[in-house]
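Undergrad: only geometry, no sequence info:
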């Protein structure tokens, strides 16, 4: 500001004294006015100049480019009698740096090449276009640029190599990016180009290659190099390697900065390592004088993921401003502890909420099975957002409909998606298929699956599971085959779905073949759900001895679900001996659940073994265990009402129980009337 005032004083003095400014002085003044946003003053001075040179035109064009008035900049560019590379590059940067002008930038660059036969193009032009191409993810244009760079000899500097590597990697052409780096001369390998190719390897998940490059030319490694590798490990799920590399960085005498801490905090959150989280918190407080909200939210996230909400609250309260990242972590932390009251309280404390905060609150309610709250929150969201285009929010609503089997609301959400032309990504498609399937409309689910252009493993899994649960086993088997033929690799969820289809139809040979395929061909380690499916399959086919033998060979500790499945099979086929053999193990593992006692008592009761049933009931009372109350949902109008046995918390409980008493009284009167006759 001081230089501007001094220049204005000098300018005023020259005008008053009748002197004439030199072209050099006027050009500097135009630059000065431009830097301070005085566009009209700059243009007025430009108009009053009796003589101009190429620097004058560059200065005024640059002024309008900086102010993002590209239309006026283009008018001046067209009128300029003098143009050099700076003139062209100023216009090119203006178009390339502004949203919505990408096509104009490409068109302008093509004009530059045609007019000057590559003489109007230099390293700056090409690297600027490489950055734009990386943003557009246009590999064809990128290859044309690379060819132009080679033809004009602008591909030898480290800056050019790094821009090419970045452009190819972001355009999905990793092999070309790697070849550009490998083929450049030794003199061109600098820290910028090296960091670019290491970042490209990390984006592709090729961490071994990235580390190999990182260790080569160690003299070039700077803090950015270390942070690139540390971030690469964190983003690819190698959290322990991320932390170990950060310690190596410190041992090598380099100081961690905010980027380092952000990556290590992320890794620490994923590992749920509270001790390391506290150490990091302490180190950040010591080494960074002014901690930005992003780092603070990372610390909050660590404490939330580790379940230490007390520390999370203390750090969150020190931020002092509305930090949506930190608030999201707090909501997720409270939700993981099923404390939806506090989660909602902190959610409501935010005046402005982005889509991430809304999604966190929806997911929290959904994971806690608070479906009514999901619907209530959606109405609030709809009122505030007017038009709902958030896919994650609508997916949460569909998932709530699936849990409560409320197909009418699900259809309304589906209709809303179609009317508002919401972009249906994989999450929305899978939620729609799952909702219709769990609401009993398997034909609707299959129709959406067939019409969807998006196909991934998750969508296939949901459709296979839907067929299995609705008794369409052959369709499930056919879809599994189509999935494999399409090049998708089945995962553990796929095999749970396909084994469920096998147990529903009772085909032991097919179930055994799928189980063998899972373990031997796809090298998937079976989980308890897979074992439960196989035991249920044997049990339904009355192969209880085979099921018992299979259970003995399970390499992991059995849970109450697996044993409960076996006991149910024993009840179905009235095999008290095997049921009694599994009894002790079942009560030892699942003895805190009243369901298991009732399950055993029912087996003995079905065979008239009343003493045995009494023994189980006595055990249940002795351990002070009660059966979990059943829950019912009733959908009336646009609201879902839930009822639990003995619960009087419903807002209209008095009316409900009053009508119930009236019905009981009427039934008793009818019974007495019938007895009279």
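TA: Sure, I can see it. This one's a predicted model, so the numbers in the text were calculated from it and none came from an experiment.
Undergrad: going forward, measure contacts and count neighbours with C-alpha atoms only.
TA: Will do.
Undergrad: For the helix or strand hosting residue 493, enumerate the helices and strands it packs against.
TA: Using DSSP states H and E, the element containing residue 493 is helix 492-505. For helix 492-505, the packing partners by 3 or more CA pairs under 8 Å, 6 or more residues apart in numbering; DSSP states H and E come out as helix 457-469, helix 473-485, helix 508-516, helix 528-540.
Undergrad: Pull the distance from it to the chain's centre.
TA: 27 Å (CA atoms, centre = their mean, to the nearest Å).
Undergrad: and residue 459, what is it in contact with?
TA: 426, 429-430, 433, 449 (CA atoms under 8 Å, 6 or more residues apart in numbering).
Undergrad: do that again at 6 Å, thanks
TA: Listed by CA atoms under 6 Å, 6 or more residues apart in numbering, the contact set of residue 459 reads residue 430.
Undergrad: about what we covered before: let's have the helices and strands packed on helix 492-505 in TSV, adding mean pLDDT and distance to residue 281.
TA: Listed next are the helices and strands packed on helix 492-505 as TSV, based on pLDDT from 0 to 100; distance: least, CA to CA, whole Å:
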stretch	mean pLDDT	distance to residue 281
helix 457-469	94	38
helix 473-485	95	47
helix 508-516	93	47
helix 528-540	87	38
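Undergrad: and residue 493, which of these is closest to it?
TA: helix 457-469 (6.7 Å; CA to CA).
Undergrad: picking up where we left off before, what inclination does the helix holding residue 493 have with respect to helix 457-469?
TA: Put simply, helix 492-505 runs at 10 degrees to helix 457-469, going by axes from the mean of the first three to the mean of the last three CA atoms, to 10 degrees.
Undergrad: What's the mean pLDDT across helix 492-505?
TA: For helix 492-505, mean pLDDT rounds to 92.
Undergrad: ok, now how distant is residue 364 from residue 377?
TA: 11 Å (CA to CA, to the nearest Å).
Undergrad: The two: which has the busier surroundings?
TA: residue 364 (26 against 18; other CA atoms under 10 Å).
Undergrad: what helix or strand is the more buried one on?
TA: Short version, using DSSP H and E: residue 364 is in helix 355-367.
Undergrad: mind listing what's buried in that helix?
TA: Buried residues in helix 355-367, defined by neighbour count with 16 or more other CA atoms under 10 Å: 356-366.
Undergrad: Between the residues you listed, which sits nearest residue 71?
TA: Among those, and counting by CA to CA, the member closest to residue 71 is residue 356, at 37.1 Å.
Undergrad: OK, contacts around that closest one?
TA: No contacts exist for residue 356 under CA under 6 Å, 6+ apart.
Undergrad: where does it land on pLDDT?
TA: 84.
Undergrad: tally of neighbours for the closest residue to residue 57 other than its chain neighbours?
TA: In this structure, residue 57 finds its nearest non-sequential neighbour in residue 80, 6.4 Å apart by CA to CA, 6 or more residues apart in numbering. Residue 80 has 17 neighbours, counted by other CA under 10 Å.
Undergrad: how about low-confidence regions in the stretch 151-300 of the chain?
TA: The stretch 151-300 of the chain contains residues with pLDDT under 70 at 156-158, 184-189.
Undergrad: Kindly recompute the last result at 80.
TA: 152-162, 165, 169-172, 174, 177-178, 181-194, 288-293 (pLDDT under 80).
Undergrad: hey, where'd the helices end up in it?
TA: 158-170, 174-183, 191-203, 207-215, 223-235, 239-251, 258-271, 274-287, 293-305 (DSSP state H, counting those that start in this stretch).
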